[in-house]
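J.: What shape does this take:
(one chain, ligands or ions: 1)
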Amino acid sequence: MQQLNNLSSGPAYLYLQDGTFLKGKSFGAKGTTGGEICFNTGMTGYQEVFTDPSYTGQMLIMNTAYVGNYGVNDADVESNSVKIKGLICKNISSRYSRMMASDSLENYLVKNNLIAIYDVDTRALVQHIRNKGAMNCVISTEFDNPEDLKRELAKVPDMAGLELSSEVSTPEPYTVGDENAAIRIAVMDFGVKRNILTSLAERGAYLKVFNAHTQPATLQEFNPSGYFISNGPGDPASMPYAVEAISELLETGKPLFGICLGHQLLALANGIPTFKMHHGHRGLNHPVKNLITGKSEITTQNHGFGIVPEAAQASDKIEVTHVNLNDGSIEGIRVKGKPAFSVQYHPESTPGPYDSRYLFDQFIGMMQ
Ligand SMILES: NC(=O)CC[C@H](N)C(=O)O
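T.: Coordinates of the predicted model:
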């Protein structure tokens, strides 16, 4: 059991676009930060969530009552840095306990320059977002009055229409797995989670991960058995370059699998529009029904956009394969006459239950 040096306890302020103004305590780095507020209902997996590139630009409320209880380590990361813009919690644990932990959450946040606020009534705040919908917010340890905070908030871009994949995609290609493997996958990196790559590599695939703006012809030079379209941050409707590339890849007739942003982009490539959800789905317990097998799965989710259900149901290009049992949103599709499919949720489930990992086997099976 490690004792933290000293919990920082200076004041911090939270200001929302609708004028909601809350005082809490400062934790992690000092300063002012802004982004779109969202909440994650998971009780574990904070380090994976903080480093998931799909959270770029988001101010995250962790619904669970305590954050930090089990510290941090070098392995539980989905990318090489913290990607959330700011953190909002109820309680920060003043000590951590786990054999695998190498440091405290507080040191980690300071090292990663992440501004956090705690001692906020997160239950009330989550209910507020659930009623009013997603909106921008700022956290500050520098400004303590609504006028200054409102001015800082005005600098925060709107998530709708925002293209963020170019910020988080790998600048240079890199490979994962055994280069002699029979299965080769070209990965379009829009902000890929590390454990998606691991999930494919541990099933015997050799992966080459390419920058988001790579031309399809360059992907084809790798002579892949199939294509993977990754998750990622931002508004899929702001990415015509990616939709164009995916449309071209579909013409190759090779297997193609998309996750989350990849699902939204595959839908767009088939003429199905996307929309901004009221407050999104983020957590580890979202029930989804697989309409092909009739079985349900408990899934990990992180998305603020969705594909338009009426357009998906009416499309003659795709078939709906998965539906969210909470709200009926479309969470899986396959392209008619092509070996291409996608899901809105996260089968690698880091963190989360393992129910959906069969999707990686399905993709590998299609390429064998
Ligand atoms: N996890 C993801 O890929 C998220 C996709 C998209 N940025 C959304 O918020 O809906």
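
J.: C-alpha from now on. contacts and neighbour counts both.
T.: OK.

J.: now what about the one helix or strand His128 maps to, what contacts it?
T.: Using DSSP states H and E, His128 sits within helix 122-132. Residues from elsewhere that reach helix 122-132, judged by C-alpha atoms under 8 Å, 6 or more residues apart in numbering: Cys38, Phe39, Ile61, Met62, Asn63, Ile88, Cys89, Lys90, Met135, His278, His279.

J.: mind listing what Gln47 touches?
T.: By C-alpha under 8 Å, 6+ apart, the neighbours of Gln47 are Val72, Asp76, Val77.

J.: mind listing which of those residues are in strands?
T.: Per DSSP state E, strands hold no members of those.

J.: of these, closest to the ligand?
T.: Proximity of these to the ligand (C-alpha to the nearest ligand atom) peaks at Val77, which lies at 15.0 Å.

J.: Quick check: the closest one touching Gly45?
T.: No: here Val77 does not reach Gly45: they are 9.6 Å apart, not a contact under C-alpha atoms under 8 Å.

J.: More neighbours: which of those two?
T.: In terms of neighbours (other C-alpha atoms under 10 Å), Val77 is the more surrounded of Val77 and Gly45; the figures are 22 against 18.

J.: Within range of the ligand, give me the residues from the stretch 1-150 of the chain.
T.: For the stretch 1-150 of the chain, the residues in contact with the ligand (C-alpha under 6 Å from any ligand atom) are Ser54.

J.: Contacts only, for the residue of the stretch 1-150 of the chain found nearest the ligand.
T.: Ranked by C-alpha to the nearest ligand atom, the top residue of the stretch 1-150 of the chain for proximity to the ligand is Ser54, at 4.7 Å. By C-alpha under 8 Å, 6+ apart, Ser54 lies in contact with Lys83, Gly191, Val192, Asn231, Gly232, Pro233, Gly234, Asn302.

J.: does it count as helix, strand or coil?
T.: Here Ser54 is helix, with the state taken from DSSP: H, G, I helix; E, B strand; the rest coil.

J.: Okay, it and Tyr15: tell me how far apart.
T.: In this view, Ser54 and Tyr15 are 23 Å apart by C-alpha to C-alpha, to the nearest Å.

J.: Equivalent analysis for Pro351, please.
T.: For Pro351, the distance to Tyr15 (C-alpha to C-alpha) stands at 29 Å.

J.: Give me the more crowded residue out of the two.
T.: Shown here are Pro351 and Tyr15; by other C-alpha under 10 Å, Tyr15 has more neighbours (25 against 22).

J.: Now the more buried one: which helix or strand?
T.: Using DSSP H and E, Tyr15 sits within strand 11-16.

J.: which helices and strands does that strand pack with?
T.: Where contact means 3 or more C-alpha pairs under 8 Å, 6 or more residues apart in numbering; DSSP states H and E, strand 11-16 is packed against strand 21-28, strand 115-118, strand 136-140, helix 146-153.

J.: and it, which strands flank it?
T.: Using DSSP bridges, the strands paired with strand 11-16 are strand 21-28 (antiparallel), strand 136-140 (antiparallel).

J.: I'd like to know which of these lies nearest to Lys289.
T.: Across the strands paired with strand 11-16, the minimum distance to Lys289, taken as C-alpha to C-alpha, is reached by strand 136-140, at 32.2 Å.

J.: Centre of the chain to stretch 315-332, how far?
T.: In terms of C-alpha atoms, centre = their mean, to the nearest Å, the centre of stretch 315-332 is found 19 Å from the chain centre.

J.: what about it and the ligand, any contact?
T.: No: figure legend: stretch 315-332 not in contact with the ligand (C-alpha under 6 Å from any ligand atom); closest approach 11.3 Å.

J.: Can you get me the start-to-end distance on that stretch?
T.: End-to-end distance of stretch 315-332: 14 Å, with C-alpha to C-alpha as the criterion.

J.: Contacts for that stretch next, please.
T.: The contact list for stretch 315-332 (C-alpha under 8 Å, 6+ apart) reads 263, 270, 272, 286-292, 306-309, 312-313, 333-336, 341-345.
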